[in-house]
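**Student:** sequence and predicted structure, then a few things I'm wondering about:
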Amino acid sequence: MKKIYENYAHVLDYLPEGYPNEGMKRSKKSPVAQVVGENYFSLLEVVPKTELEVYERIFIGKGQRDKINHIKKRLFYEELTSTAKAELPYIVEEIVKKNEEEFVKFFNKARPISIRFHQLELLPGVGKKLMQSILNERRKGEFKSFKDVDERVSSMPDPAGMIVRRVVDELECKDRYTIFAPLRKAESEER
């Protein structure tokens with residue numbers, strides 16, 4: 001599998017004295033942060049150079065990093081702190097809304113997975129009937145925004161929220177299919 005890298009991430013949790021349950025002396029513990037990548041929703045543990053704030057957007061790509069010393073490792077959802085798990089949906093929502101155009105493309109480009117199953121059905125709350133309504137509306141013209149999807153598909157509850165819930169489900173490895181977090185599939189297969 002081709003390696004892909006994140007350039008920016010959002011801080012889920014910052015632990016200035018490291019993990020509390022590590023068996024080291026306080027003087028040997030180093031600060032760590034748990035972050036989620038902006039492009040592929042990679043869950044990572046990083047070692048910061050300076051103090052960080054939850055929700056802060058930081059550069060983690062190749063090159064000179066202002067606030068991050070190095071990326072320590074990739075994390076599984078189960079390894080996240082309770083704070084990171086609690087903040088994840090809100091930060092994913094922030095990323096989805098900031099990149100609305102990219103995520104609206106999913107409603108325009110989603111395809112069948114098999115003869116009986118469509119990518120749209122992977123979104124929470126989308127069954128055959130709602131999927132057919134979305135497909136009928138997109139035949140009339142591409143969706144331009146989440147508001148456009150919401151207005152044209154009358155029974156659509158919250159297009160952005162559906163994507164956020166799907167991303168979090170993928171990070172929790174609740175389904176074998178991945179749409180928005182492509183690295184999760186490869187990682188869950190490696191386990």
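**Tutor:** Good, I have the coordinates.
**Student:** per-residue confidence for the residue nearest the centre of the chain?
**Tutor:** Centroid check for the chain by Cα atoms, centre = their mean gives residue 41 as the closest residue, at 3.6 Å. Among the per-residue scores, residue 41 shows a pLDDT of 95.
**Student:** ok, now how distant is it from residue 126?
**Tutor:** 20 Å (Cβ to Cβ, to the nearest Å). To be clear about C-beta, it is placed using only N, CA and C from the backbone, and glycine gets the same treatment.
**Student:** what ranges do the helices span in the protein?
**Tutor:** With helices called from DSSP state H, the chain shows them at 82-98, 100-109, 128-140, 146-152, 159-171, 182-190.
**Student:** what comes up buried for the third one?
**Tutor:** Right, helix 128-140. Buried positions in helix 128-140, judged by neighbour count with 16 or more other Cβ atoms under 10 Å: 130, 131, 133, 134, 137, 138.
**Student:** if you count contacts, what does that helix end up packed against?
**Tutor:** Helix 128-140 sits against helix 100-109, helix 146-152, with contacts defined as 3 or more Cβ pairs under 8 Å, 6 or more residues apart in numbering; DSSP states H and E.
**Student:** can I get the last one in PDB, CA atoms only?
**Tutor:** This means helix 146-152. Backbone C-alpha positions of helix 146-152 (Å, rounded to 0.1, in the frame of the first residue of the first chain) are rendered in PDB as follows:
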ATOM      1  CA  PHE A 146     -25.000  20.500   2.300                       C
ATOM      2  CA  LYS A 147     -27.800  23.000   2.300                       C
ATOM      3  CA  ASP A 148     -28.600  22.100  -1.300                       C
ATOM      4  CA  VAL A 149     -28.700  18.400  -0.400                       C
ATOM      5  CA  ASP A 150     -30.900  19.100   2.500                       C
ATOM      6  CA  GLU A 151     -33.300  21.200   0.500                       C
ATOM      7  CA  ARG A 152     -33.500  18.900  -2.600                       C
END
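**Student:** done for today, thanks.
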